[in-house]
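Chemist: coordinates for the following, if possible.
(2 chains)
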Amino acid sequence: MSFPDPIQVFKTEAAELLEQIETGLLDLTYDLTNKDQIDAVFRGLHTLKGSGAMFGFDALAAFTHHCETAFDRVRKGEVTATEELISVVLEARDHMRALVENPNAEHDAVSTRLLADLHRAVEALDKAGAAPAKASGPKETLWRIRFGLPRNAMANGTNPLGLLDELRDLGPCKIRADLSDIPALDALTPSDLYISWHVEVTTAQPKSMIEDVFIFVMDEMQIEITAIDAGKAAAPAPAPAPQKAAAPAAAAPVVEAPKPVVQETASVPAVRDTSAAAASAADPKQNRAAESVRVPAERLDELMDRVGELVIAQSRLRQLAGRNADIQLRAVSEDIERLSGELRDTMMVLRMVPVATLFGRFRRLVHDLARETGKVIELITEGETTEVDKTVIERLADPLVHLVRNSVDHGLETPEMRRAAGKQEAGKVILSARQASGEVIITIKDDGRGIDRDRVRAKAESSGLIQPNAALTDQEIFQLIFQPGFSTAQTVTNLSGRGVGMDVVKRTIDALRGTIEVASFPGEGSEISLRIPLTLAIIEGLLVRVGGGRYVIPLSAVEECLELSLEEDLRSRGRSFISLRDSLVPFIRLRDLFHTGTKPDPYQKVVVISTGSERVGLVVDQIIGDHQTVIKSMSKLHHDVATFSGATILGDGSVALILDVVHLVAAGQQQEAQMRIAG
Amino acid sequence: MSQALRKVSETVWSEGEELEVLTFDIAGETFALEAVRVREILDLLPETVVPGAKAFVGSVLNFRGRVIPLADIRLAFGMEATKQTIDSRIIVIEFDIEGEATLIGIRTDKVNEVTTLAKTSSELPPSVGMKWRPDFISCLVKRGSDFIILPNLQAIFSTSHDS
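Modeler: Next comes the predicted model:
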């Protein structure tokens, strides 16, 4: 295992910080005075600046510094945030991302422009008048602060002197170092910090300003802030959290209330005992972050492979145990079977992430779209906790962007048109996700004008996609919008109307083995549903035998299985069709396709598979049963083989190939077309 | 042509004057592969035929939970198929195909030994008088009265070739 590249680590961290900043900013657009979000944004910017400088991203650090400064003023209440400021900072955030990803590219022009924007926005704030000044008045309070930092604080880059300087800035200070913890020289580690401090500061600033001095070290330190002469009026010290095990057990939690501490010497142990108190101040979010571990996806894949091997080895063990009369061996084999089954289930869950991570991006997109189009848009997300395989999530992002853009651009009307139609001014776009029988269904719904069936039809006819007057169902008409080069937008906008996009959506969803359904009601809006298998790593399949080989057909594509009677087989020699409830279904003899050179079984079966409305029958020798399989991709050496989408390993360790349904159906349809031409 | 071949040959020896290789027999000829590429030597495993694939990589096998292609170098060299014997083995190598590290099994009749070949005894394949495609061979190394073939895997596995 190699040590991770620090630059890469920083980039990952920066990506997270940027996301955090964005979320904070977007939340602020709803409530411009939300203190928590302002703090979150500020903290994100500050950390980004700090670590950026540490890893040599100087341009990033310098640029971020300005945004931080602006936000610092908001945070201190000197000015209040405006939409203008937030928009600028959002744009600046995008620029920061560019700076992180391409530190060496030429960014100066953008930087300068954005900084000018930022400057203007801040100036506008100043003109709008400083935010209501702190009403409390310049009443000075004497605060007594005791703080101790963790032993390794200096190794982590904290400079206690800097903290003391910041306290001095608040007002006149009396600082006394507590040296009582310094060990004898032979036990002393020079790089460790043994000193804690007692500070008395007289300041007119509120307590929060004192806490801010420690904002970045608060999680690990012991701190106690008490007001001396303001007495009862003072805010309470941070509530002590449950005592950490590290704290001396004997000591009682002395410091609970803002009790003025009189005797300094006596209170020294008390200071120590509040050790965990500061930790409680950290917001629950951070606690949650501490509980999760970041693991590279490829390690998960590796683990998945190992688990797959284990399952195979276990099934060999079971076969051996089955042949053996030894009861103890069987007991062990059963235990291992249960354990490996559970392990596999756990493994599957590890790869699942909530769609919230995906939906989160759309808040920004919709925010931008609203500004660009002048439409009022309300984005509603539902079912964000629905979990989907990580790879699926990643590949869904682009199609969803297209669909959301499409809804906004084609679906939603302008506010004036909406008013005229008697609707609310704000158009709704609803993104929702839910699970149903091994699939996740993601719907993008809007309450706009709906898809204009006649226009789609006219357009399709004029571009030759369909025959004039062809009888088509609504669903078939709606599916036309996914054809390459199809767009009904009358004007080409920045967003859509170029006719690229929807066919990309279709292709991506096909590749994910998913389907698209479209529903639309004129004047009421449209709804596009994507049905996608929960995971790419596993499919439910039907195991069949053709000649001597075994193959897996994805169960989601299987419509029904029936027997191909001998006479029907003979009768169909010339024309490969069976009649299935009055409709003709073309079929493919897999034995011929695979050149097995074996004789057909006396009772062959037909597995009818479909993609949407097209059906094709596959003639197999035997249906073995259903089978949950881990999909293994084939190497590049086999990429020219279109019949198979992958491979899987069966219980006995042999490999079975997975049939590519889309390809087979297309082949069947082609065969049908040729038959028709041949008459 | 010979200029190009010389280049290929140079790349094989670029790491030094000597090359550590694994030697093995296919259809009576001795081949060698750089030992660093070899991941594992396996007894014969049940293999699964991939209908429609090139005969040269006509099947796949389960290599400890991974599905890897099984290549038959004989077909690239137009050699006769040989019967499986008790000595038949599969050599699993790691090889970059279009930038993707791929594990590939190679069918052999017998695996001999890991040995060191000296650059001084290597020769470019003669451009005439050889029944094999010259671009499939990096170089020939004399050993005693016989010679060892270092196949040019890059050329053999390049997906465009259609043997």
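
Chemist: which residues does stretch B:44-52 contact?
Modeler: Contact partners of stretch B:44-52, identified using C-beta atoms under 8 Å, 6 or more residues apart in numbering or on different chains, comprise A:549, A:593-596, A:634, A:638, A:641-644, A:647, A:653-657, B:57-63, B:70, B:84, B:88-90. C-beta here means a position set from N, CA and C on the backbone, and glycine is covered the same way.

Chemist: what residues does chain B have near chain A?
Modeler: For chain B, the residues in contact with chain A (C-beta under 8 Å from any C-beta of the partner chain) are B:46-54, B:57, B:60-62, B:64-69, B:71, B:97-98, B:100, B:102-104, B:157, B:159.

Chemist: contacts only, for residue 152.
Modeler: Let's take chain A. Each residue near A:Asn152 by C-beta under 8 Å, 6+ apart is listed here: A:Ser191, A:Asp192, A:Leu193.

Chemist: chain B, not that one
Modeler: B:Val8, B:Asp135, B:Phe136, B:Ile137, B:Ser138.

Chemist: out of those, which sit inside strands?
Modeler: Residues of these located in strands (DSSP state E): B:Ile137, B:Ser138.

Chemist: returning to what we had before: buried among the residues of chain B next to chain A? Need that as a selection in ChimeraX.
Modeler: Only the buried entries of the residues of chain B next to chain A go into this ChimeraX selection, using 16 or more other C-beta atoms under 10 Å in any protein chain shown:
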select /B:47,48,49,50,51,53,54,57,60,61,62,64,65,66,67,68,69,71,97,102,103,104,157
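
Chemist: from the residues of chain B next to chain A, which land in strands?
Modeler: Among the residues of chain B next to chain A, DSSP E puts B:47-49, B:60-62, B:66-69, B:71, B:97, B:100, B:102-104 in strands.

Chemist: farthest pair in the residues you listed?
Modeler: Spatial extent of these (C-beta to C-beta) is set by the pair B:Val49 and B:Glu100 at 23.5 Å.

Chemist: in the stretch 251-400 of chain A, which spans are strands?
Modeler: A:352-354, A:377-382, A:387-389 (DSSP state E, counting those that start in this stretch).

Chemist: do the same with the stretch 551-679 of chain A
Modeler: Assigned by DSSP E, counting those that start in this stretch, the strands in the stretch 551-679 of chain A fall at A:558-564, A:577-580, A:583-589, A:604-611, A:614-620, A:622-630, A:644-649, A:655-659.

Chemist: could you dump those strands into CSV with distance to chain B, mean pLDDT and mean neighbour count added?
Modeler: Written out in CSV, the entries for the strands of the stretch 551-679 of chain A read as follows (distance: least, C-beta to the nearest C-beta, whole Å; pLDDT from 0 to 100; neighbours: other C-beta atoms under 10 Å in any protein chain shown):
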stretch, distance to chain B, mean pLDDT, mean neighbour count
strand A:558-564, 20, 87, 15
strand A:577-580, 23, 76, 16
strand A:583-589, 12, 82, 18
strand A:604-611, 17, 85, 20
strand A:614-620, 13, 85, 23
strand A:622-630, 9, 80, 16
strand A:644-649, 4, 86, 23
strand A:655-659, 4, 90, 24
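
Chemist: and of those strands, who's closest to A:Ala321?
Modeler: Counting by C-beta to C-beta, A:Ala321 lies closest to strand A:644-649 out of those; the figure is 20.2 Å.

Chemist: report the distance from the closest one to the chain centre.
Modeler: Relative to the chain's own centre, strand A:644-649 is displaced by 28 Å; criterion: C-alpha atoms, centre = their mean, to the nearest Å.

Chemist: now do that strand against strand B:59-63, angle only.
Modeler: Interaxial angle of strand A:644-649 relative to strand B:59-63 (axes from the mean of the first three to the mean of the last three C-alpha atoms, to 10 degrees): 40 degrees.

Chemist: residues contacting strand A:644-649, please?
Modeler: Contacts for strand A:644-649 (C-beta under 8 Å, 6+ apart): A:308, A:312, A:541, A:552, A:629-634, A:638, A:655-661, A:663, B:48, B:50, B:60, B:62, B:65, B:67.

Chemist: for the longest helix out of those in chain A, which residues meet the burial criterion?
Modeler: Secondary structure of chain A per DSSP state H: the longest helix is helix A:297-323. Within helix A:297-323, the residues that count as buried by 16+ other C-beta under 10 Å are A:Met304, A:Val307, A:Gly308, A:Glu309, A:Leu310, A:Val311, A:Ile312, A:Gln314, A:Ser315, A:Leu317, A:Arg318, A:Ala321.

Chemist: stretch A:453-463 too?
Modeler: The neighbour-count check on stretch A:453-463 (16+ other C-beta under 10 Å) flags A:Val456, A:Arg457, A:Lys459, A:Ala460 as buried.

Chemist: and stretch A:589-596, by the same measure?
Modeler: Buried residues in stretch A:589-596, counted by 16+ other C-beta under 10 Å: A:Arg589, A:Leu590, A:Arg591, A:Leu593, A:Phe594, A:Thr596.

Chemist: state whether A:Val74 is indeed within a helix.
Modeler: Yes: counting by DSSP: H, G, I helix; E, B strand; the rest coil, A:Val74 is located in a helix.

Chemist: what's the nearest residue to it if we skip its chain neighbours?
Modeler: A:Ala81 (5.0 Å; C-beta to C-beta, 6 or more residues apart in numbering or on different chains).

Chemist: now do the contacts for the one you found.
Modeler: A:Leu28, A:Leu32, A:Thr33, A:Ile38, A:Val74.

Chemist: closest one to chain B out of those, please.
Modeler: Taking C-beta to the nearest C-beta as the measure, chain B sits nearest to A:Leu28 out of the contacts of A:Ala81, at 43.9 Å.

Chemist: can you give me the distance of the closest one to A:Val404?
Modeler: Separation of A:Leu28 from A:Val404 (C-beta to C-beta, to the nearest Å) stands at 22 Å.

Chemist: all helices for the stretch 451-600 of chain A, in order.
Modeler: For the stretch 451-600 of chain A, the helices defined by DSSP state H, counting those that start in this stretch cover A:453-462, A:474-479, A:502-511, A:566-571, A:590-593.

Chemist: low-confidence regions, chain B specifically.
Modeler: Scanning chain B for pLDDT under 70 picks out B:1-16, B:127, B:129, B:159-163.

Chemist: in it, which spans are helices?
Modeler: Going by DSSP H, chain B shows helices at B:2-13, B:73-76, B:153-157.

Chemist: need the residues that contact the second one.
Modeler: It stands for helix B:73-76. Helix B:73-76 has contacts (C-beta under 8 Å, 6+ apart) with B:26-27, B:31, B:55-56, B:80-82, B:106-107, B:133, B:136, B:151, B:156, B:163.

Chemist: going by neighbour count, list what's buried in the host helix or strand of A:Leu167.
Modeler: Element membership of A:Leu167 [criterion: DSSP states H and E] is helix A:160-170. Neighbour counts using 16+ other C-beta under 10 Å place A:Pro160, A:Leu163, A:Leu164, A:Leu167, A:Leu170 of helix A:160-170 among the buried residues.

Chemist: also compute the angle for the longest helix of chain A relative to strand A:644-649, please.
Modeler: When the same axes, to 10 degrees is applied, the directions of helix A:297-323 and strand A:644-649 differ by 50 degrees.

Chemist: mind saving the C-alpha coords of the host helix or strand of A:Met417 as PDB?
Modeler: Assigned by DSSP H and E, A:Met417 belongs to helix A:415-420. C-alpha atoms of helix A:415-420 as PDB (Å, rounded to 0.1, in the frame of the first residue of the first chain):
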ATOM      1  CA  PRO A 415     -43.600  33.700 -15.000                       C
ATOM      2  CA  GLU A 416     -45.900  35.800 -17.300                       C
ATOM      3  CA  MET A 417     -47.100  32.700 -19.200                       C
ATOM      4  CA  ARG A 418     -47.600  30.900 -16.000                       C
ATOM      5  CA  ARG A 419     -49.700  33.700 -14.500                       C
ATOM      6  CA  ALA A 420     -51.700  33.800 -17.700                       C
END
